[in-house]
Each structure stands twice: as structure tokens, then as C-alpha cells.
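Undergrad: what follows is a protein structure lacking sequence information:
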């Protein structure tokens, strides 16, 4: 049988989905986010730095010098 992955946007949606699946007797499993929270925080910080102009651009032709 095929599986589907859903991405609820908030707790209310998650709760509703779980209730529907239980009512329909459909098996499901809970999994935490697949990314390490420390990694996610670093990416968010990097994104903020980029938006604030704190980055250095390197030209493509200079990559292999």
C-alpha cells in the first residue's frame, strides 16, 4: 500500500488530522521533525544575516583559483 506525507501548518490541523485517521481506523505514526533543531537555528541565523547584507559574494570564475 502507498503512504502519504502531510504537513499540517499548526496544532489545530494536526489534531484534526489525527482525529480523522483514528475515526477511519487508519494506522499512522508520529515522527518529529527530521532536522536537528541546532541545524535549523543555524540556517535561520544565516538567513537573517543574508537579509541584513552580512555576506560575501564570490564570482563563479573565482571559485577555482
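TA: Cool, got the structure. Computed from a prediction, not measured in an experiment: that's the story for all the values here.
Undergrad: how far does the longest helix belonging to the chain sit from its chain's centre?
TA: Counting by DSSP state H, the longest helix found in the chain is helix 37-51. The chain centre lies 13 Å from the centre of helix 37-51; the measure is Cα atoms, centre = their mean, to the nearest Å.
Undergrad: can you list the neighbours in contact with it?
TA: Residues from elsewhere that reach helix 37-51 (Cβ atoms under 8 Å, 6 or more residues apart in numbering): 33, 55. All C-beta atoms are positioned from the backbone trio N, CA, C, and that covers glycine.
Undergrad: could you give the mean pLDDT of that helix?
TA: Helix 37-51 carries an average pLDDT of 94.
Undergrad: now do stretch 14-28
TA: 96.
Undergrad: ok, now stretch 56-65?
TA: Rounded mean pLDDT across stretch 56-65 is 89.
Undergrad: contacts for that stretch next, please.
TA: Contacts of stretch 56-65 (Cβ under 8 Å, 6+ apart): none.
Undergrad: could I get the full set of helices for this protein?
TA: 11-23, 37-51.
Undergrad: now those as JSON lines including distance to residue 59?
TA: Output for the helices of the chain, formatted as JSON lines (distance: least, Cβ to Cβ, whole Å):
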{"stretch": "helix 11-23", "distance to residue 59": "45"}
{"stretch": "helix 37-51", "distance to residue 59": "18"}
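Undergrad: distance of residue 33 relative to residue 1?
TA: Computed as Cβ to Cβ, to the nearest Å, the residue 33 to residue 1 distance reads 25 Å.
Undergrad: the more surrounded of those two?
TA: residue 33 (7 against 2; other Cβ atoms under 10 Å).
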